[in-house]
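Peer 1: Make a model of this:
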Amino acid sequence: MAGDNHSDSSRTVPRPLKRLMEAHQILADTESVEALLPRLLDLAKNVSNAEAASLLLYNQQRDVLEFAAVKDEILGEKANEILKSAVELKMGEGIAGWVAQNRESVLIQDVQNDPRFFSQADHETGFVTRTLLCVPLLYGGDLLGVINVLNSKDKPGFDSFDEELLECFADLASTAIMRSRFLELRLTQERMRVQLEAAADIQSLFWPRLPELGTGSHVWAVSKPAKFVGGDVYDVIRMPDESWLVYVADVSDKGLPAALIMAALSTRIRSEAFSHDEVDTLLETVNNAMYDLTVEEGFFATIILGRYWPTDGRMQLTSGGHLPPLWVVGDQLREVSELKGISLGITLDAKYEKKEIFLSPGESILFVTDGVTEAENERSELYGQRRLSEHITSAGGPPYGKGVLDAVNAWRGTAEANDDLTMLEIWRDPV
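Peer 2: Numbering: from 1, shown residues only. The predicted structure follows:
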């Protein structure tokens, strides 16, 4: 028993293995790629007892190896700056390029006489490479880069044990690099989420506080972006003659670019509203402004715009390529004859048609975007115009908008919203 105890106490972990274990712990504690790379090279030098080490990362888009970090006991930070700014390797170029292309380690005792040796790095820095060990960095079969250690300090050259040790270290390093990249990606996504939530809060400021229209008329509206922010917009603007300018618009595309165009469109309509007595001429002016803004980027917007007088239910309507409004009379949908007009921002000096209708007591008119009719469920089936019409005609009386929103949400179920959704409804109390 005493002999066994003596045997256990005399065992020691070989120094190279101990260095590898220490490297594993240090790599596990380092999160950012920026902090990780110089630590990788310090550890690689330590594990292999080398004068210098370099790490080249694979740029997949350009198909080249780029110096990401250099550790040199003689030249210090100078070598790092020179190589990162002045040297890159094509796949197959130099020893590192050969290792990356073939995904095999190489151990070279006389680098200067190896035909693959890329001497520019030595020329740029003044370092003299005598012996070299180069190992690929692989993760799940994907090439991340290569790691070099140069000039063994405690013997004439590196040996097969050093090669196996550095390959083990390369496996740890590859995992650490990917872990750091994943962590940074998650942090970037979280920052983006916070910024998009802030953008959504800002966009919500564009939605007006819905007013009382007076004389038994009412307005309701809602806008739900498919993402944090979207390209749909609505507004209710009080005019000097006690009428109300109302509209729903849908900017092509979704997300932040569409939201920026939406903001510009909303601002332009408000700035022009009081300069035009007729809805068609207002839309002509807004279209020309939108064309100047969006023509180069290829954006456009559809719009349904009306001007409503609560005293008698009169409404002027005009449209720029938008879905026709839903005019609900009793339990029937009355068709608003087609309003001719091209989407905003497609061509200059477009002309728009104007129609006039009268809402009687108990009647309603809804403006909707295609996010209503094209809402998809889990089976990618559309809600559609037929379901929308059936819901409205069986609802029993205005207002209809909230019920439509509930019906669309129920239809969608657990499916993600595939488009922005906006509705605006004006209705009159029954007599």
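
Peer 1: Kindly confirm my reading that F127 forms part of a strand.
Peer 2: No - applying DSSP: H, G, I helix; E, B strand; the rest coil, one finds F127 to be coil, outside a strand.

Peer 1: From what I see, it and Q120 are in contact.
Peer 2: No - under the criterion of Cβ atoms under 8 Å, F127 makes no contact with Q120, lying 11.5 Å away. From N, CA and C alone the C-beta is placed, and that goes for glycine too.

Peer 1: neighbour-wise, which of the two wins?
Peer 2: Shown here are F127 and Q120; by other Cβ atoms under 10 Å, F127 has more neighbours (20 against 15).

Peer 1: Pull up the per-residue confidence for the more buried one.
Peer 2: F127 is assigned 86 on the pLDDT scale.

Peer 1: how close does it get to V111?
Peer 2: F127 sits 11 Å away from V111, going by Cβ to Cβ, to the nearest Å.

Peer 1: same thing with S180?
Peer 2: Going from S180 to V111 by Cβ to Cβ gives 31 Å.

Peer 1: Equivalent analysis for V404, please.
Peer 2: 75 Å.

Peer 1: what's the answer for I357, then?
Peer 2: From I357 to V111 the distance is 87 Å (Cβ to Cβ).

Peer 1: cool, and S204?
Peer 2: 64 Å.

Peer 1: So for these two, which sits in the more crowded spot?
Peer 2: V111 (20 against 11).

Peer 1: Only the buried residues of stretch 130-144, if you could.
Peer 2: Neighbour counts over stretch 130-144 (16 or more other Cβ atoms under 10 Å) mark 131-138, 143-144 as buried.

Peer 1: Closest one of those residues to R186?
Peer 2: Of all the buried residues of stretch 130-144, L144 has the smallest distance to R186: 18.7 Å, by Cβ to Cβ.

Peer 1: Mind checking what secondary structure that closest one has?
Peer 2: With three-state DSSP as the basis, L144 sits in strand.

Peer 1: Now do the same contact list for it.
Peer 2: Under the criterion of Cβ atoms under 8 Å, 6 or more residues apart in numbering, the neighbours of L144 are 57-58, 137-138, 174, 177-178.

Peer 1: Turn those into TSV, including distance to V229.
Peer 2: Formatted as TSV, these follow (distance: Cβ to Cβ, whole Å):
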residue	distance to V229
L57	35
Y58	36
L137	39
L138	40
S174	38
I177	34
M178	32
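
Peer 1: hmm, back to that, would CSV of the buried residues of stretch 130-144 with pLDDT and distance to I303 be doable?
Peer 2: Listed next are the buried residues of stretch 130-144 as CSV, based on pLDDT from 0 to 100; distance: Cβ to Cβ, whole Å:
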residue, pLDDT, distance to I303
T131, 93, 73
L132, 93, 67
L133, 93, 67
C134, 94, 63
V135, 93, 62
P136, 94, 57
L137, 92, 54
L138, 92, 55
L143, 94, 51
L144, 92, 50
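
Peer 1: which among these gets closest to F169?
Peer 2: Nearest to F169, judged by Cβ to Cβ, of these is V135 at 7.9 Å.

Peer 1: partners of whatever helix or strand that closest one lives in in the sheet?
Peer 2: For V135, the host element (DSSP states H and E) is strand 132-139. Here strand 132-139 is paired, per DSSP bridges, with strand 106-108 (antiparallel), strand 142-152 (antiparallel).

Peer 1: just how off-centre is the shortest one within its chain?
Peer 2: From the chain centre to the centre of strand 106-108 is a distance of 43 Å (Cα atoms, centre = their mean, to the nearest Å).

Peer 1: cool, the last one as well?
Peer 2: Averaging C-alpha positions (Cα atoms, centre = their mean) puts strand 142-152 33 Å from its chain's average.

Peer 1: helices or strands next to whichever helix or strand comes after it in the packing?
Peer 2: Counting by DSSP H and E, the next helix or strand C-terminal to strand 142-152 is helix 160-204. Applying 3 or more Cβ pairs under 8 Å, 6 or more residues apart in numbering; DSSP states H and E, one finds that helix 160-204 contacts helix 15-28, helix 33-48, strand 106-108, strand 132-139, strand 142-152, helix 255-272.

Peer 1: Just the residues contacting stretch 125-132, thanks.
Peer 2: 52, 72, 74-75, 78-79, 82-83, 95, 106-112, 117, 121-122, 148-152, 156-158.

Peer 1: Buried ones among those?
Peer 2: Applying 16+ other Cβ under 10 Å to these flags 52, 72, 75, 79, 82-83, 95, 106-108, 111, 117, 121, 148-152, 157-158 as buried.

Peer 1: Quick one: the strands paired with strand 132-139 as JSON lines, columns for distance to S389 too.
Peer 2: Listed next are these as JSON lines, based on distance: least, Cβ to Cβ, whole Å:
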{"stretch": "strand 106-108", "distance to S389": "73"}
{"stretch": "strand 142-152", "distance to S389": "53"}
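
Peer 1: Name all residues that make contact with the closest residue to R307 other than its chain neighbours.
Peer 2: Using Cβ to Cβ, 6 or more residues apart in numbering and skipping the chain neighbours, the partner closest in space to R307 is Q316 (4.6 Å). In this structure, Q316 makes contact with 278-279, 306-307, 354-356, judged by Cβ under 8 Å, 6+ apart.

Peer 1: For burial, what's the neighbour tally of M315?
Peer 2: 24.

Peer 1: Please report the distance of it from F127.
Peer 2: 81 Å.

Peer 1: What of D280?
Peer 2: Distance of D280 to F127, computed by Cβ to Cβ: 76 Å.

Peer 1: Repeat that for N287.
Peer 2: According to Cβ to Cβ, N287 and F127 sit 66 Å apart.

Peer 1: Could you do A375 as well?
Peer 2: Relative to F127, and taking Cβ to Cβ, A375 is found at 64 Å.

Peer 1: What are the structural domain limits within the chain?
Peer 2: The chain resolves into domains spanning 11-187, 206-428 when parsed by automatic domain parsing.

Peer 1: got CSV for those domains, with distance to A198 too?
Peer 2: CSV is the format used below for these (distance: least, Cβ to Cβ, whole Å):
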stretch, distance to A198
domain 11-187, 17
domain 206-428, 9
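
Peer 1: Least confident of those, on average?
Peer 2: domain 11-187 (a mean of 81).

Peer 1: quick check, distance from that domain to the centre of its chain.
Peer 2: The answer for domain 11-187 is 33 Å, by Cα atoms, centre = their mean.

Peer 1: Which member of the buried residues of stretch 130-144 is positioned nearest A410?
Peer 2: Among those, and counting by Cβ to Cβ, the member closest to A410 is L144, at 47.8 Å.

Peer 1: Setting the sequence-adjacent residues aside, check what's closest to that closest one.
Peer 2: Nearest to L144 is L137, by Cβ to Cβ, 6+ apart, at 4.1 Å.
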